[in-house]
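Peer 1: Sharing a model that was predicted from the sequence below.
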Amino acid sequence: MTVQPVAQTVEMLRARVSRMEGAGRQPVATHPSLAGLVRLYAGGTYQVDSASLALMLMAGPSRQGAWTAVVGVADLGLEAAAAVGVDLARTVLVPDPGPQWLEATAALVESAALVVLRPPGRVDAQTASRLSARLRKKGTVLVAWGSWPRCDARLSVAASQWTGPGRGDGRLRSRQVVVTARRGAGSERRGTLWLPDDDGAIRAVPAGAAAEVVEEVEAAG
């Protein structure tokens with residue numbers, strides 16, 4: 001019999017409960033290029049480490065006509081959001097909520113299908129649990145841009161490589177990124193995306209066609 005550390009056992013149980021809860025929740029659309037990495041569910045919380053990933057998770061519900069919201073992101077690139085597929089006409093922005101960031105987020109959960117939040121600092125487990133209860137009740141998805149306790153899944157950009165004319169000098173035109181996704185204590189999923197490609201589109205890179213950026217991740221990991 002293998003004895004596991006308490007923290008690891010607790011995390012595995014949480015992941016199991018999360019999967020059981022997810023089985024009874026409605027799936028939520030996400031960007032097609034992320035479909036093989038993560039599934040969104042109504043009432044879930046997802047942690048990201050970049051604006052690009054936050055916008056891509058917003059794009060699915062927004063493309064289907066749902067309202068979305070962004071809290072605590074004063075430097076959000078509206079042009080980039082529109083390019084990913086976010087409908088700005090159905091997006092509520094609260095760039096600087098100050099100390100009322102939690103109240104603002106909770107209020108938007110009442111009407112938006114998905115809320116992106118960049119918290120101003122560390123979020124304790126009790127605060128996260130209170131907001132999670134409201135998310136489940138309303139069926140709203142929370143995308144936390146930054147550290148968030150007990151989230152359903154974590155997405156991050158593990159590596160990035162820009163390309164341009166010749167050896168990459170001159171105007172940068174396309175970028176490949178390696179995105180990792182982990183649900184609870186489960187195994188890590190990894191995919192390579194064009195973000196964007198030469199035509200400005202965001203799409204998955206077929207297996208076997210990734211650039212040196214994948215080798216960088218494998219060497220580091």
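Peer 2: On my side now, so go ahead.
Peer 1: Quick check: what element follows the longest strand along the chain along the chain?
Peer 2: In the chain, with assignment by DSSP state E, the single longest strand is strand 153-163. Using DSSP states H and E, the next helix or strand after strand 153-163 towards the C-terminus is strand 174-182.
Peer 1: following that following strand, which helix or strand shows up next?
Peer 2: Next element after strand 174-182 (DSSP H and E): strand 189-194.
Peer 1: What lies in contact with that following strand?
Peer 2: Strand 189-194 has contacts (C-beta atoms under 8 Å, 6 or more residues apart in numbering) with 33-34, 36-38, 158, 174-182, 201-205, 210, 213-214, 217. C-beta coordinates here come from the backbone N, C-alpha and C atoms, glycine included.
Peer 1: List only those of those flagged as buried.
Peer 2: 33-34, 37-38, 158, 174-182, 202, 204-205, 210, 213-214, 217 (16 or more other C-beta atoms under 10 Å).
Peer 1: Quick one: low-confidence residue ranges for this structure.
Peer 2: Per-residue confidence for the chain (pLDDT under 70) gives these ranges: 1-24, 165-171, 208-221.
Peer 1: Mind doing that once more with 90?
Peer 2: 1-25, 35-36, 161-174, 184-187, 196-200, 206-221 (pLDDT under 90).
Peer 1: Strands along that one, start to end?
Peer 2: Using DSSP E, strands in the chain cover 27-28, 40-41, 45-48, 68-71, 91-94, 114-117, 141-145, 153-163, 174-182, 189-194, 203-204.
Peer 1: what's the spacing between the closest residue to residue 182 other than its chain neighbours and residue 30?
Peer 2: Nearest residue to residue 182, sequence neighbours excluded (C-beta to C-beta, 6 or more residues apart in numbering): residue 188, at 4.8 Å. Using C-beta to C-beta, to the nearest Å, residue 188 is found at 18 Å from residue 30.
Peer 1: And residue 152, by the same measure?
Peer 2: 13 Å.
Peer 1: Have a look at those two and say which one is more surrounded.
Peer 2: For residue 152 and residue 30, the more surrounded residue by other C-beta atoms under 10 Å is residue 152, and the numbers stand at 26 against 22.
Peer 1: mind listing what the closest residue to that one other than its chain neighbours touches?
Peer 2: The shortest distance from residue 152 to any non-neighbouring residue, by C-beta to C-beta, 6+ apart, is to residue 44 (4.3 Å). By C-beta under 8 Å, 6+ apart, residue 44 lies in contact with 22, 25, 28, 135, 141-142, 152-153.
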